[in-house]
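[1] here are the coordinates; sequence isn't available:
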């Protein structure tokens, strides 16, 4: 259950037979599950799906990565080809986009620091959104997307580590690959899949009009919009080609820029203002934060830092800016693509 940005956890103690425990331990030892807790969580989610929908298939298809997976040379793109492959648009049911007043954020939230996780989520939703109306239970979509993103993130991290890539430049950033699995996946579900609270629909996919979340008979449901399907179909270098030079293709970056221009004009203006600051010589993180304070005077220091980190991370991923390092010092410069955007192209 989501409460704001925190996850509430209820613990149960259950009795199981020695035979059942032995069978579960065999699965854990084989690497299918990381712990008994992971197995029981998957079992509970599967049974809830069966009770709600009267189906006998499992919804949790990607078990948590086993211990030591950070060193494993796994190939999630091949292992989960169905969930991550380019969807057949003719078989995907789409839903209406959320109304503007239903979305909690008119700008992209600072903790949504990359677009690549949303690419993963749209692919997962496309693989699931084939029912009568395109909507699927939100909790199952969250679990499936977080599981797949975790395995994918670990593989990408291993590859980038072998390439000597710095942390701030990593494609794996914002994917839930870190060792604290519960917290990493909870953050991913909250920020990059989404949910509904009293402020409206939270999460990056809905803010970008790529997904919609509704309540139906007390259950939160999520579906892929037409725009979300268009984004899911675009070829991605990492997922489709195992090319780790960039997290997004040029067509994906242009799609997102066009979408932001049309749906989030305040976000587009913030990016242009930041590009202008950089072009005028405000190039360090500290100096940029001081200038952002003038644009966002109601934000406190922590909120400004979150805003700056998320904004610069997204602009870097869109290749609007370049990051330069001199020892520990970092400065930014506008790229040719960023200059074109600043000039109105």
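    Received the coordinates, thanks. Treat the numbers as computed from the prediction; the structure is a model and nothing was measured. Numbering: from 1, shown residues only.

[2] helix/strand/coil for the residue most central in space within the chain?
    Nearest to the mean C-alpha position of the chain, by CA atoms, centre = their mean, lies residue 117 at 3.0 Å. Three states are possible here, and by DSSP: H, G, I helix; E, B strand; the rest coil the one that applies to residue 117 is helix.

[3] any idea whether residue 332 is helix, strand or coil?
    strand.

[4] Who is it paired with across the strands?
    Residues in a beta bridge with residue 332, per DSSP bridges, are residue 323.

[5] Distance check, it against residue 292.
    Shown here: residue 332 relative to residue 292, a distance of 13 Å by CB to CB, to the nearest Å. For the C-beta atoms, the positions are set from N, CA and C on the backbone; glycine is no exception.

[6] Could you do residue 145 as well?
    If you measure residue 145 against residue 292 using CB to CB, the figure is 31 Å.

[7] re earlier: of residue 332 and residue 292, which one has the most company?
    For residue 332 against residue 292, the residue with the higher neighbour count under other CB atoms under 10 Å is residue 332, and the figures read 24 against 21.

[8] Is it correct that that one is in contact with residue 325?
    No: applying CB atoms under 8 Å as the test, residue 332 and residue 325 come out as separate, 10.8 Å apart.

[9] contacting residues for residue 282?
    Contacts of residue 282 were listed using CB atoms under 8 Å, 6 or more residues apart in numbering, and they are 288, 291.

[10] Next, it: secondary structure please.
    The local conformation at residue 282, judged by three-state DSSP, is coil.

[11] Would you quantify the distance from it to residue 327?
    Separation of residue 282 from residue 327 (CB to CB): 20 Å.

[12] picking up where we left off before, please tell me the pLDDT value assigned to the residue nearest to the centre of the chain.
    Turning to residue 117, the model gives it a pLDDT of 97.

[13] Now do the same for the nearest residue to it once chain neighbours are set aside: its pLDDT.
    Taking CB to CB, 6 or more residues apart in numbering, and ignoring the residues beside it in sequence, residue 117 has residue 192 as its nearest neighbour in space, at 4.1 Å. Confidence per residue is given as pLDDT, and for residue 192 that number is 97.

[14] my guess is residue 192 contacts residue 203, does it?
    Yes: counting by CB under 8 Å, residue 192 does reach residue 203; the two are 6.8 Å apart.

[15] Measure how buried residue 241 is and give me the count.
    When neighbours are counted by other CB under 10 Å, residue 241 registers 12.

[16] how much space is there between it and residue 314?
    22 Å.

[17] same thing with residue 240?
    Looking at residue 240 against residue 314, where the rule is CB to CB, the gap reads 22 Å.

[18] So if I had to pick from these two, which one is more boxed in?
    Set side by side, residue 240 and residue 314 give different neighbour counts by other CB under 10 Å, the larger being at residue 314 (22 against 15).

[19] Quick check on residue 211: phi, psi?
    phi -150, psi 160 (degrees, to the nearest 10).

[20] Return the backbone torsion pair for residue 108.
    phi -80, psi 130.

[21] Next up, the contacts around it.
    204, 207-208, 264, 267, 310-311, 314.

[22] Quick check: buried residues in stretch 232-240?
    Residues of stretch 232-240 classed as buried: 232, 234, 236-239 (neighbour count, 16 or more other CB atoms under 10 Å).

[23] For the stretch 101-250 of the chain, which residues score under the pLDDT cut-off?
    Across the stretch 101-250 of the chain, residues meeting the criterion (pLDDT under 70) sit at 131.

[24] mind listing the helices in it by residue range?
    Under the criterion DSSP state H, counting those that start in this stretch, the stretch 101-250 of the chain contains helices at 116-128, 138-162, 181-188, 204-207, 226-233, 237-241, 250-263.

[25] Summarise which helices and strands the fourth one is packed against.
    With contacts defined as 3 or more CB pairs under 8 Å, 6 or more residues apart in numbering; DSSP states H and E, the secondary structure elements packing on helix 204-207 are helix 116-128, strand 211-216.

[26] how about these in CSV, adding distance to residue 271?
    Compiled in CSV, the helices and strands packed on helix 204-207 are given as follows (distance: least, CB to CB, whole Å):
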stretch, distance to residue 271
helix 116-128, 17
strand 211-216, 22
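
[27] Out of the ones you listed, flag the one nearest residue 338.
    With distances scored as CB to CB, the stretch of the helices and strands packed on helix 204-207 nearest to residue 338 is helix 116-128 (18.9 Å).

[28] and the angle from the closest one to helix 226-233?
    What separates the directions of helix 116-128 and helix 226-233 is an angle of 100 degrees, with axes from the mean of the first three to the mean of the last three CA atoms, to 10 degrees.

[29] on contacts alone, who are the packing partners of helix 116-128?
    The criterion is 3+ CB pairs under 8 Å, 6+ apart, and the helices and strands that helix 116-128 contacts are helix 81-84, helix 138-162, helix 204-207, strand 211-216, strand 219-224, helix 226-233, helix 237-241.

[30] Neighbours of residue 301, how many?
    Taking other CB under 10 Å as the criterion, the count of residues near residue 301 is 9.
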